[in-house]
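[1] Here is a sequence together with a model predicted from it:
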Amino acid sequence: MDKFHHEKRLSERTSCLVCSYPGRPRVKYSFQNHSIYQCPLCNLLFLYPQPTSQELHQLYNSEEYFFNTHFYTGDNDVIFGYADYFAERFNKQKHFGRIAAQCLQVLLKSDHPKRQGRYKLLEVGCGPGFFLEAARHVGFEVQGFEFNRKILRFRSKKNSVPIQIGDFESPGEELTQQYDCIVMLDVIEHFRNPSAVIQKAHKALNPGGLLVIKTVDSGAVTSRILGKRLEDFRRLREHLYFFNRENMKTLLRQNQFSLGQTKSVGHTFRIDHLLNRIALMYSMPLGRLRALAGLVKLFAHKSVYLNPHTKMIVYARKNTHAVKRIPQRTQRGLTTMNSSSVYYHYHIGFISEYIQHQTVMELGSGNGSATAALLENGARSVIGAEINPKLIASARQRFKNSALISKIDFIQLDIEKEINRLTKLMTEYGIEIIFSFNFLEHVRDDVALIHSLYDALPKGGYLISILPSCDRLFGKLDEYYGHYRRYDIKDIRYRYDPFDMIYHRRCGLIKALGWMFNKRNSKAQLETYWDLYTSRFFGLDQKLDNWFGRFLPCGGTLVAVHRKNGHKGQVAEKRVK
């Protein structure tokens, strides 16, 4: 199929798997009948067109997958599976043993509940069970899940491990028990819906359980230099998605995991196999390779550890933020921040010219902290939409004896599920401005909501957002607050398509530095942080904003104003081109 037909069919694709970006992706690498595309927002790479479910089923259920005699011929159509999965078993066992030992250490050093017996580990895509044997050796109670039934005939009879046959991605395949650790080694890139697979793993893990994913790091320097020569990209019959560290972190975060250690991981190769892989990568004639192998004849069957930094291994923990002490601490921090009216008044002051004499719909109005600031900065009236009835009651009590009460109304609304009701309310109140203060970062699929808001607004209407800034600052405080993300300038350009961005500003450099200081502090005293910031440093932040304006290299808060242009679907394509 030619490039034109690829792009025509791609226009019918759904949004990006990780960031939900709905625009057209870019071509990153082109092959004869396939291309690897790149999302312009999160840089996720994916194969298109992808093999059908039937083609994948036939590939994975063949014995040839583990004994591919054509692997080193250089033809992309036959680069799949393994040249000889069992020839390097000894090397794989040493590698697997190190990973299993690291998994156990992470669990032992964490606050994961100690078991009377051994920790339970599940490996997804376990093959004949080499890793499971290593994991059992270091102390795990193990279970495997494998797609290829034929591979079971090759598993060890002496050290047999329990393996369940089935399609882990299938909704019909239910797991019968809970686990403390789930491992996916070079597997996640094979699934048609990696997000659903991670959700399933989350459901099967005990609170605080560990998820370990090893896959190609498409953003690594070596991977980018090798490009389409990289073996993982050439596996066109099986590799469907290619992650880098950032979008993998985003995917895990969206599925309620807290990212731990991420590092490059290598492998122990037999020298003759390593030479074959180098020849495959650079399309070297095998005759030269044999000549080179002759020079190292004495060492041809020796092994060497090599880390080209093209693979990453990620350790992520199932969030345990349901523990009582965390919401209490978080609430104290929020109470401290909400009591600072000058904090809200200052940030809303940046967008005061857009709300003058207008009725504003405030999403996630909470207890009304930003509501008063909107009216004080010129809004005619404010309609607060909030899902929590207790917060609505608190907000109404807050304004009960205020002169502003006649300009305020609060409505219980689940904005993600009741978007049609929002449209009716906007028509009823004549609303042309939707405003949110620290709201969208709590929405799992913010892009879908932004598109719904675009449809709800009249042409020329405004979407005004005040957001936590700089994704590099994402840490424990964000997890405690229930954030899915922080926003960079790139985010408010692409995520808000098809809106026109007409104004943006970063502010709060001192706030950003404080957030960075507490990034990995799991015992951060949030109420102390906010007390110190609002009483000591907020004034300095205001001065820095006035001195440096929009030239701050980083900030804790991002203010953005977008306007509906009435031409949905054109902006994204124009920018990508």
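    Sure thing, it's come through.
[2] gap between the helix or strand encompassing residue 539 and the chain center?
    Under the criterion of DSSP states H and E, residue 539 resides in helix 538-548. Helix 538-548 has its C-alpha centroid displaced from the chain centroid by 33 Å (C-alpha atoms, centre = their mean, to the nearest Å).
[3] Which strands and helices lie in contact with the longest helix anywhere in the chain?
    If you go by DSSP state H, the chain has its longest helix at helix 89-109. Using 3 or more C-beta pairs under 8 Å, 6 or more residues apart in numbering; DSSP states H and E as the contact definition, the elements that helix 89-109 packs against are helix 130-138, strand 179-185, strand 205-216, strand 267-270, strand 311-318. Any C-beta I mention is one placed from the backbone N, CA and C, and that applies to glycine too.
[4] out of those, deepest packed?
    strand 179-185 (a mean of 25; mean count of other C-beta atoms under 10 Å).
[5] Can you list the neighbours in contact with that one?
    96, 99, 103, 107, 112, 115, 119-125, 131, 135, 140, 143, 197, 201, 204-206, 209-215 (C-beta atoms under 8 Å, 6 or more residues apart in numbering).
[6] now do 7 Å
    With contacts defined as C-beta atoms under 7 Å, 6 or more residues apart in numbering, strand 179-185 is touched by 103, 107, 112, 119-125, 131, 201, 204-206, 209-214.
[7] got it, and stretch 342-358?
    Here stretch 342-358 has contacts from 337, 369-370, 373-374, 376-380, 432-433, 437, 462, 464, 466, 505, 534, 538, 542, 557, 559, 561, using C-beta under 7 Å, 6+ apart.
[8] Check stretch 260-271 too.
    Contact with stretch 260-271 is made by 88, 91, 94-95, 106, 214, 217, 245, 296, 299-309, 311-317, as judged by C-beta under 7 Å, 6+ apart.
[9] Point out where this protein drops to low pLDDT.
    1-14, 88-90, 111-116, 154-159, 283-301, 320-340, 519-532, 535, 550, 566-577 (pLDDT under 70).
[10] Break this structure into its domains for me.
    According to automatic domain parsing, the chain comprises the domains 1-49, 89-318, 325-576.
[11] Enumerate every residue touching residue 255.
    Here residue 255 is in contact with 195, 198-199, 202 (C-beta under 7 Å, 6+ apart).
[12] Give the PyMOL command for selecting the buried subset of those residues.
    Buried residues among the contacts of residue 255 (16 or more other C-beta atoms under 10 Å), as a PyMOL selection:
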select buried, resi 198+202
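[13] Please flag which of the contacts of residue 255 sit within helices.
    195, 198-199, 202.
[14] would JSON lines of the contacts of residue 255 with distance to residue 240 be doable?
    Converted to JSON lines, these look like this (distance: C-beta to C-beta, whole Å):
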{"residue": "195", "distance to residue 240": "12"}
{"residue": "198", "distance to residue 240": "15"}
{"residue": "199", "distance to residue 240": "17"}
{"residue": "202", "distance to residue 240": "21"}
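[15] quick one: which of the contacts of residue 255 is nearest residue 414?
    Closest approach between the contacts of residue 255 and residue 414, by C-beta to C-beta: residue 199, at 20.9 Å.
[16] Quick check: closest non-adjacent residue to that closest one.
    residue 255 (5.4 Å; C-beta to C-beta, 6 or more residues apart in numbering).
[17] still on that earlier bit, nearest to residue 17 among the ones in helices among the contacts of residue 255?
    residue 195 (5.9 Å).
[18] doesn't residue 17 make contact with that closest one?
    Yes. Counting by C-beta atoms under 7 Å, residue 195 touches residue 17, with 5.9 Å between them.
[19] so how many other residues sit close to residue 549?
    Per other C-beta atoms under 10 Å, the neighbour tally for residue 549 reads 11.
[20] mind checking the SS state of the spatially closest residue to it that is not a sequence neighbour?
    What sits nearest to residue 549 in space, not counting adjacent residues and going by C-beta to C-beta, 6+ apart, is residue 505, at 7.9 Å. Using DSSP: H, G, I helix; E, B strand; the rest coil, the structure places residue 505 in strand.
[21] Count the neighbours of residue 505 for me.
    A count of nearby residues for residue 505, using other C-beta under 10 Å, gives 19.
[22] Return stretch 371-385 as CSV; C-alpha atoms alone will do.
    Taking C-alpha atoms only, stretch 371-385 is exported to CSV below (Å, rounded to 0.1, in the frame of the first residue of the first chain):
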residue,chain,number,x,y,z
THR,A,371,-15.2,32.2,42.4
ALA,A,372,-14.8,35.4,44.4
ALA,A,373,-11.6,36.3,42.6
LEU,A,374,-13.4,36.0,39.2
LEU,A,375,-16.1,38.4,40.4
GLU,A,376,-13.5,40.8,41.9
ASN,A,377,-11.6,40.8,38.5
GLY,A,378,-14.7,41.9,36.6
ALA,A,379,-16.9,38.9,35.8
ARG,A,380,-20.6,39.7,35.8
SER,A,381,-21.6,36.4,37.4
VAL,A,382,-20.2,32.9,37.9
ILE,A,383,-21.8,29.5,37.6
GLY,A,384,-19.8,27.0,39.5
ALA,A,385,-19.9,23.3,38.4
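[23] Check the offset of that stretch from the chain's centre.
    The answer for stretch 371-385 is 34 Å, by C-alpha atoms, centre = their mean.
[24] burial of residue 536, as a residue count?
    Neighbours around residue 536, by other C-beta under 10 Å: 10.
[25] would you turn the helices and strands packed on helix 89-109 into TSV with distance to residue 57?
    Shown next, in TSV, are those (distance: least, C-beta to C-beta, whole Å):
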stretch	distance to residue 57
helix 130-138	23
strand 179-185	19
strand 205-216	21
strand 267-270	28
strand 311-318	26
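[26] Of all the ones you listed, which one is nearest residue 160?
    Smallest distance to residue 160 across the helices and strands packed on helix 89-109 (C-beta to C-beta): 9.1 Å, for helix 130-138.
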